[in-house]
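Colleague: structure of the sequence below:
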Amino acid sequence: MKFLHPEFLYFMTIPLIILFALLLTQKESSLSFFSENVIDKLRVATNTLTLKARNALFFLAGFFMIVALSEPVIPNGKITIAKKSADILIALDISNSMLAQDIYPSRIEAAKQKALELIGKIKEDRVGVIAFAKSAYLVSPLSFDKEAVAFLLKNLDTTSITQQGTSFLSLLQTVHKSSKRTKKKYVVIFSDGGDQKDFSKEIAYAKAHNITVFVMAFGTKKGAPIPLENGEFLSYKGKIVITHLNQAITKLALETGGVYVEALSSHQDVNALVKELASVVAKKELKTKAIEKYIPLFYLPLGAAMLLILVALSSMSKREKVEVPSMFLLVIVLSSWSVDTKAFLLDFRDLEQAKEAYANREYRKSGKSFEAYARSQNTPEAYYNAGNAYYKAGDYHTALGMYEKVHKASASLRAKTYANMGNSYAQLHQYEKALEAYKESLKINYDADVAHNKEMIEQLLQQKKQQQNKQSKKDQHHQQEQQKAQSKPEQKNQQAQQHKQQGQQDQQDQQGQQGQQGQQKQQQTQNVDKNVTKQDHLQKKKQSSLSQKNDTNTTQQVMQQKKASTMSDAEERKWLEYLNQDNKTFLYKMDEQNSLQRGMNDEKPW
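Modeller: Okay, the predicted model is just below:
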């Protein structure tokens with residue numbers, strides 16, 4: 001056994017002994033008036049302790065507290081940790097050509113988003129930032145403080161430098177000056193390539209100074225004009241300038257040992273760049289440290305000190321019944337302490353089980369473990385992870401319940417949570433709620449995949465609304481046809497009845513004047529009535545056959561409508577399958593083939 005902080009024993013034990021010596025020399029106030037023999041005869045026998053006994057208990061309690069502060073431990077082996085890191089510089093092109101909007105929202109904004117994503121994924125490396133156009137300057141030196149580097153990167157724009165143009169040679173010279181002590185230098189360039197066609201000088205300079213260049217290119221072959229602050233476009237000799245993606249920069253990356261990647265709307269481009277950096281970049285070992293593992297024992301002397309203090313305090317009362325609550329309080333405190341300690345130790349177990357289950361694709365088990373850890377620690381990250389696990393398990397209702405408990409989180413985590421809630425609502429076919437969740441996510445932090453999901457939801461809602469309108473119009477037309485079909489037989493029946501009544505009236509008027517002629521006319525009238533009745537019967541048959549045909553046609557139309565809607569349902573299911581595919585960014589990624597070049601379809605008229 002050893003003490004992690006033995007200085008507490010050295011510097012606090014001596015003052016405690018001096019204090020205890022002073023307490024022992026102190027006499028009870030009654031001894032100043034009576035002798036000890038008289039006091040012994042007058043004192044009533046009780047269960048309380050004497051002053052010296054209580055002081056002894058307080059002394060022991062104080063000593064055990066000092067021992068607990070010294071942190072007694074039992075050694076339990078050693079762990080050797082070797083920390084390795086690489087130095088990576090991020091170069092952002094802030095020339096005017098990066099304002100082109102052939103990539104949403106613009107080349108420079110998309111480049112900053114990709115650079116921030118890269119910084120978040122290279123956690124163990126030092127990162128610096130360089131801004132360049134016609135000239136280059138160091139924005140942030142190499143640092144492990146990723147938040148500070150990200151803050152400086154976010155605030156860069158085309159107004160941060162006065163000389164416009166694009167000079168990659170000036171950039172490489174700044175890279176060399178900023179890290180002269182480093183043998184191998186690595187720079188990741190986020191640019192559209194400028195308008196330079198020959199990179200032979202840049203390649204020679206990079207090879208001479210051991211600079212490996214990685215390029216992530218932004219732009220399209222079709223190109224786009226360069227907007228200005230006054231709403232117009234940059235022009236040269238009376239013509240609007242169209243800037244294109246310069247793929248000639250590929251040589252600079254490949255011939256210096258780096259990689260060329262074109263930007264996509266998904267995370268595949270950054271993931272590919274991270275993999276290439278890990279395989280090419282040589283990480284240097286900063287320091288190696290051996291860490292000892294210990295079994296803590298501080299709770300043993302601390303518990304003994306609490307017990308002694310409670311016993312000493314209970315002995316100060318003259319009533320025996322006060323001692324019972326004191327001991328009862330001791331039991332409660334010790335039991336609660338043991339439960340808390342056990343829970344504290346089990347929390348880490350739940351976390352490890354959750355991670356292991358998630359890695360083994362046992363998502364429901366992982367979700368339960370994350371949920372148990374979240375309830376004990378009450379952290380937004382734990383609830384977020386629990387929601388992710390339940391989402392992968394297909395339990396979208398429970399996943400939503402976990403996401404709704406993510407409170408007081410960072411802006412990035414809240415944006416991801418809203419995006420995941422939108423995906424869950426989409427899986428449950430609650431598209432209105434999914435749309436609202438995506439909008440909330442984009443308000444906090446723009447993400448290309450979330451924006452794409454929002455567009456898909458809006459298309460689905462618009463398509464369903466159109467189908468409902470068509471169906472309601474067909475239903476109204478069908479009702480009108482049925483009403484017309486019912487009104488025609490009724491009109492004919494009324495005409496027949498009127499004709500019959502007129503014949504009977506004529507028969508009664510002529511009955512008194514003509515005998516036989518009246519009888520003949522009566523027979524003729526009856527024959528006419530029979531003919532009319534037959535005609536009505538035939539017309540009813542024709543009408544019923546027509547209505548049956550109309551019903552048949554209407555049924556066929558409804559079946560055709562259902563077939564048409566079946567295609568849209570199939571497309572909807574296909575999209576939802578993309579939503580639930582298995583990859584590291586499963587909560588965002590939906591369409592792996594979707595690239596930033598889809599912005600060409602939304603190109604402005606100019």
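
Colleague: now do stretch 246-255: everything it contacts.
Modeller: Stretch 246-255 is contacted from outside by 168, 189, 191-199, 202-203, 206-207, 213-215, 217, 219, 259-260, using CB atoms under 8 Å, 6 or more residues apart in numbering. Bear in mind the C-beta positions are built from the backbone N, C-alpha and C, glycine included.

Colleague: worst-scoring helix or strand of this protein, pLDDT-wise?
Modeller: Lowest by mean pLDDT, DSSP states H and E among the helices and strands of the chain is helix 323-359, with a mean of 47.

Colleague: who does the next helix or strand after that helix touch, helix- and strand-wise?
Modeller: Downstream of helix 323-359, the first helix or strand assigned by DSSP states H and E is helix 363-377. Other helices and strands packing on helix 363-377, by 3 or more CB pairs under 8 Å, 6 or more residues apart in numbering; DSSP states H and E, are helix 323-359, helix 380-393, helix 396-403.

Colleague: residues of the second one that come out buried?
Modeller: Okay, so that is helix 380-393. Of all the residues in helix 380-393, those buried under the rule 16 or more other CB atoms under 10 Å are 380, 382-393.

Colleague: likewise for stretch 10-26?
Modeller: Met12, Phe20.

Colleague: average pLDDT for it, rounded please.
Modeller: For stretch 10-26, the mean pLDDT works out to 81.

Colleague: send the alpha carbons of that stretch over as PDB?
Modeller: Output in PDB follows, covering the C-alpha atoms of stretch 10-26 (Å, rounded to 0.1, in the frame of the first residue of the first chain):
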ATOM      1  CA  TYR A  10       3.400  15.100   7.100                       C
ATOM      2  CA  PHE A  11       1.900  18.600   7.500                       C
ATOM      3  CA  MET A  12      -1.400  17.900   9.200                       C
ATOM      4  CA  THR A  13      -0.600  15.200  11.700                       C
ATOM      5  CA  ILE A  14       1.600  17.400  13.900                       C
ATOM      6  CA  PRO A  15      -1.000  20.200  14.300                       C
ATOM      7  CA  LEU A  16      -3.600  17.500  15.200                       C
ATOM      8  CA  ILE A  17      -1.400  16.100  17.900                       C
ATOM      9  CA  ILE A  18      -0.800  19.600  19.400                       C
ATOM     10  CA  LEU A  19      -4.500  20.300  19.400                       C
ATOM     11  CA  PHE A  20      -5.300  17.000  21.100                       C
ATOM     12  CA  ALA A  21      -2.700  17.700  23.800                       C
ATOM     13  CA  LEU A  22      -4.400  21.000  24.500                       C
ATOM     14  CA  LEU A  23      -7.700  19.300  24.800                       C
ATOM     15  CA  LEU A  24      -6.300  16.700  27.300                       C
ATOM     16  CA  THR A  25      -5.000  19.500  29.600                       C
ATOM     17  CA  GLN A  26      -8.400  21.100  29.600                       C
END
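
Colleague: quick one: contacts of that stretch?
Modeller: Residues outside stretch 10-26 that contact it (CB under 8 Å, 6+ apart): Leu51, Lys52, Asn55, Phe58, Phe59, Gly62, Phe63, Ile66, Leu69.

Colleague: so how do I select the buried members of those in ChimeraX?
Modeller: Selection of the buried residues among the contacts of stretch 10-26 in ChimeraX, burial being defined by 16+ other CB under 10 Å:
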select :55,58,59,62,63,66,69
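
Colleague: put together a markdown table for the contacts of stretch 10-26, with distance to Thr158 and pLDDT on each row.
Modeller: Below are these laid out as a markdown table (distance: CB to CB, whole Å; pLDDT from 0 to 100):
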| residue | distance to Thr158 | pLDDT |
| --- | --- | --- |
| Leu51 | 82 | 72 |
| Lys52 | 83 | 76 |
| Asn55 | 78 | 81 |
| Phe58 | 73 | 86 |
| Phe59 | 74 | 87 |
| Gly62 | 68 | 90 |
| Phe63 | 70 | 91 |
| Ile66 | 64 | 91 |
| Leu69 | 59 | 90 |
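
Colleague: domain ranges for this structure?
Modeller: 2-71, 84-288 (automatic domain parsing).

Colleague: just the ones you listed: most buried one?
Modeller: domain 84-288 (a mean of 18; mean count of other CB atoms under 10 Å).

Colleague: doesn't Val73 fall inside a strand?
Modeller: Yes: assigned with DSSP: H, G, I helix; E, B strand; the rest coil, Val73 falls within a strand.

Colleague: my guess is it contacts Val67, does it?
Modeller: No: at 11.9 Å, Val73 and Val67 do not qualify as touching, with contact defined as CB atoms under 8 Å.

Colleague: residue ranges with poor pLDDT in the stretch 351-500 of the chain?
Modeller: Applying pLDDT under 70 to the stretch 351-500 of the chain picks out residues 351-355, 357, 486-500.

Colleague: touching, Asn210 and Lys185? I think so.
Modeller: Yes: taking contacts as CB under 8 Å, Asn210 lies within contact range of Lys185: 6.1 Å.

Colleague: how about the strands of this structure, start to end?
Modeller: 2-3, 72-85, 87-93, 126-132, 136-143, 185-191, 211-217, 224-225, 235-236, 239-240, 242-243, 260-262, 284-296 (DSSP state E).

Colleague: and stretch 442-455, how far apart are its ends?
Modeller: 12 Å (CA to CA, to the nearest Å).

Colleague: buried ones in that stretch?
Modeller: Going by 16+ other CB under 10 Å, stretch 442-455 has these buried residues: Leu442, Ile444, Asn445, Asp447, Ala448, Asp449, Val450, Ala451, His452, Asn453, Lys454.

Colleague: good, wrapping up.
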